[in-house]
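K.L.:
can't give you the sequence, but here's the structure:
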């Protein structure tokens, strides 16, 4: 609850904890401290008139935690009035919707990716090499990783068939012993292999990290006529901020199904 000056007169521990505070820290403080300056200004310009007019308002804001972290929050406000119908404060309830917003972004990204993959697959008049180049470019962009490669398995070695790198560090035709690169590990599973920071996992002792220095990686095996053909993979020598999502693993699986 807030008084007519917008300062907390009561706040339960759950609400306070949502922003990283204790109840005692927020009593008597303005609600402005829990939101960015831009959102406060925008609220007064666009949402406050609605609240005054209809007596309630519901919407989404960017909350600001005690440690400075920004997160998505759904806010519901109700005007409180005294027996003379004069405004005496606000009742506020909040809900963290970060996960929901992330799912919405992931779904939108997946839908966009599927449309783009279909568009590449439908370029029947283009050479296979051009379509593969487009596929690798799309994968690098989607996974936010600079290296993209398609390999073919030949005995105990993996040969680079198509590759996209920032500075042409790897050339088509180069071969690697499959046990020396992460793509070889990818062949051991029917599911995609992925990690955001190899140095923090069991992969820190693998030659793919110790020799090639790959921190972030996502790859999936390519199956042709029920036989292992090779792999499609994307990687970076820099760690990735976020872990790979199920949607991203599903998408690379879709990519290898098309290639196969």
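P.N.:
Good, I have the coordinates. Just so you know, these numbers come straight off a predicted model, no measurement behind them. Residues are numbered from 1 along each chain as shown.
K.L.:
can we go C-alpha only for contacts and neighbour counts from here?
P.N.:
Will do.
K.L.:
confidence score at the residue sitting furthest away from the middle of the chain?
P.N.:
Most distant residue from the mean C-alpha position of the chain: residue 84, 50.4 Å away (Cα atoms, centre = their mean). Listed pLDDT for residue 84 reads 72.
K.L.:
Check the one 10 residues further on too.
P.N.:
What the model reports for residue 94 is a pLDDT of 89.
K.L.:
in the lengthiest helix in the chain, what counts as buried?
P.N.:
The single longest helix within the chain, with elements called by DSSP state H, is helix 98-121. By neighbour count on 16 or more other Cα atoms under 10 Å, the buried set for helix 98-121 is 106, 110, 113, 117, 120-121.
K.L.:
all strands of the stretch 1-150 of the chain, in order?
P.N.:
Secondary structure of the stretch 1-150 of the chain (DSSP state E, counting those that start in this stretch): strands at 2-3, 56-64, 70-81, 87-96, 147-154.
K.L.:
Pipe those strands into JSON lines and attach mean neighbour count and distance to residue 235 per row.
P.N.:
Output for these, formatted as JSON lines (neighbours: other Cα atoms under 10 Å; distance: least, Cα to Cα, whole Å):
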{"stretch": "strand 2-3", "mean neighbour count": "20", "distance to residue 235": "50"}
{"stretch": "strand 56-64", "mean neighbour count": "18", "distance to residue 235": "32"}
{"stretch": "strand 70-81", "mean neighbour count": "17", "distance to residue 235": "28"}
{"stretch": "strand 87-96", "mean neighbour count": "17", "distance to residue 235": "33"}
{"stretch": "strand 147-154", "mean neighbour count": "23", "distance to residue 235": "5"}
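K.L.:
so can I have CSV of these showing distance to residue 172?
P.N.:
Conversion of the strands of the stretch 1-150 of the chain to CSV gives the following (distance: least, Cα to Cα, whole Å):
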stretch, distance to residue 172
strand 2-3, 65
strand 56-64, 47
strand 70-81, 44
strand 87-96, 48
strand 147-154, 9
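K.L.:
before we move on, back to that, what's the closest of the buried residues of helix 98-121 to residue 241?
P.N.:
Proximity of those to residue 241 (Cα to Cα) peaks at residue 106, which lies at 15.7 Å.
K.L.:
so what's that closest one scoring on pLDDT?
P.N.:
Value for residue 106, per-residue pLDDT: 68.
K.L.:
ok, now residue 53?
P.N.:
Residue 53 is assigned 83 on the pLDDT scale.
K.L.:
OK, contacts around it?
P.N.:
Going by Cα atoms under 8 Å, 6 or more residues apart in numbering, residue 53 touches no other residue.
K.L.:
Tell me the spacing between it and residue 256.
P.N.:
55 Å (Cα to Cα, to the nearest Å).
K.L.:
now residue 116
P.N.:
In terms of Cα to Cα, residue 116 sits 15 Å off from residue 256.
K.L.:
And for residue 162?
P.N.:
Residue 162 is 14 Å from residue 256, by Cα to Cα.
K.L.:
Then residue 224?
P.N.:
10 Å.
K.L.:
who has more neighbours, these two?
P.N.:
residue 256 (21 against 13; other Cα atoms under 10 Å).
K.L.:
what about the more buried one, which SS state?
P.N.:
With DSSP: H, G, I helix; E, B strand; the rest coil as the basis, residue 256 sits in helix.
K.L.:
residue contacts, it?
P.N.:
Contacts of residue 256 (Cα under 8 Å, 6+ apart): 220-223, 231-232.
K.L.:
let's see it at 10 Å
P.N.:
150, 192, 219-224, 230-233 (Cα atoms under 10 Å, 6 or more residues apart in numbering).
K.L.:
what is the closest residue to residue 101 other than its chain neighbours paired to in the beta sheet?
P.N.:
Leaving aside its chain neighbours, residue 101 sits nearest to residue 72 (7.4 Å; criterion: Cα to Cα, 6 or more residues apart in numbering). Using DSSP bridges, the beta-bridge partners of residue 72 come out as residue 62.
K.L.:
Give me the local confidence score for residue 72.
P.N.:
Listed pLDDT for residue 72 reads 89.
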